[in-house]
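*Asks:* Coordinates only, no sequence provided:
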């Protein structure tokens, strides 16, 4: 390890060794992450419902147990009505087979607090608003290059009193893609086509990189964007936006 430490990425976990192993075999096993235990992976942008479903499938706790643990948590960031959306930090966690639901939740929320130390963000409401925005940006564009640009567009829309008009916010509440008619008619705080401002909570669990993209948003004259076949297009006006949608083939 001393000789190769700079190039070694060792994964925290529980490793079981039966029989005799050389020190090199032990290091090799840890390096290749051949862990024993329960592996819980939270992908970037996953919602709390998806996290809970995965925990249940892995027998790490059911919804009732999870809610009970959350209701007893002393957590420094806003979580009205026991809603911890946005705080289940995306990462792969490895637990021993006899772990409790409380230990699982404490580990996940603990990882969030490591990434976002409370003392670093004294204005908790501002932090929460930025987390909401990061969750929307995460849902809208996958490419790291586009995230500061899209964040800039959404922040500019907020500044001028324009609706965010993000399909992702209503999709979060419905649990599926919203139809065009639903975007026009659904009166809910999560429908950003009908309601100005940010949704009541984050709409998923973004990584710190997306949060930083919001803090370092690129504000330009652009007010519109769309993603089609892996490419994101930007426009200053709605007319230019529609023209690019037609030219790209997205709008028939």
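*Replies:* That came through fine. None of these values were measured; they are calculated from a predicted model.

*Asks:* residues of the biggest helix by length in the chain that come out buried?
*Replies:* Across the chain, the helix with the greatest residue count (assigned by DSSP state H) is helix 124-140. Neighbour counts over helix 124-140 (16 or more other C-beta atoms under 10 Å) mark 127-140 as buried. Where C-beta positions appear, they are placed from N, C-alpha and C, glycine not excepted.

*Asks:* And the next helix or strand past it?
*Replies:* Next in sequence after helix 124-140, counting helices and strands by DSSP states H and E, comes helix 147-159.

*Asks:* What residues sit buried inside that following helix?
*Replies:* Here helix 147-159 shows 147-158 as buried, counting by 16+ other C-beta under 10 Å.

*Asks:* Can you pick out the most distant pair from the buried residues of helix 124-140?
*Replies:* Maximum pairwise distance among the buried residues of helix 124-140 (C-beta to C-beta): 20.4 Å, between 127 and 140.

*Asks:* what packs against the longest helix of the chain?
*Replies:* Here helix 124-140 touches helix 147-159, helix 167-174, helix 208-215, going by 3 or more C-beta pairs under 8 Å, 6 or more residues apart in numbering; DSSP states H and E.

*Asks:* Out of those helices, the one nearest residue 232 is which?
*Replies:* Closest to residue 232 of these, according to C-beta to C-beta: helix 147-159, at 7.3 Å.

*Asks:* re earlier: okay, the buried residues of helix 124-140 in TSV with distance to residue 175 next?
*Replies:* Below are the buried residues of helix 124-140 laid out as TSV (distance: C-beta to C-beta, whole Å):
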residue	distance to residue 175
127	27
128	23
129	24
130	25
131	21
132	18
133	21
134	21
135	15
136	16
137	20
138	17
139	13
140	17
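
*Asks:* and residue 191, how many residues sit next to it?
*Replies:* Residues contacting residue 191 under the criterion other C-beta atoms under 10 Å number 24.

*Asks:* Enumerate every residue touching it.
*Replies:* 169-170, 173, 178, 182-183 (C-beta atoms under 8 Å, 6 or more residues apart in numbering).

*Asks:* any idea which of those residues is the one closest to residue 81?
*Replies:* Of the contacts of residue 191, the one sitting nearest to residue 81 (C-beta to C-beta) turns out to be residue 173, at 14.6 Å.

*Asks:* Just the pLDDT at the residue lying closest to that closest one once chain neighbours are set aside, thanks.
*Replies:* Closest residue to residue 173 apart from its sequence neighbours, by C-beta to C-beta, 6 or more residues apart in numbering: residue 190 at 4.0 Å. pLDDT for residue 190: 97.

*Asks:* Pretty sure residue 190 sits in a strand.
*Replies:* No - read with DSSP: H, G, I helix; E, B strand; the rest coil, residue 190 is coil and lies in no strand.

*Asks:* wait, what's in contact with it?
*Replies:* Taking C-beta under 8 Å, 6+ apart as the test, what residue 190 contacts is 169-170, 172-173, 199-200, 203.

*Asks:* Domains in this protein, by residue range?
*Replies:* 38-117, 128-220 (automatic domain parsing).

*Asks:* for those, which one ends up most surrounded?
*Replies:* Stretch with highest mean neighbour count among the domains of the chain: domain 128-220 (a mean of 18; mean count of other C-beta atoms under 10 Å).

*Asks:* how long is that one end to end?
*Replies:* 24 Å (C-alpha to C-alpha, to the nearest Å).

*Asks:* ok but residue 81 is inside a helix, no?
*Replies:* Yes - counting by three-state DSSP, residue 81 is found in a helix.
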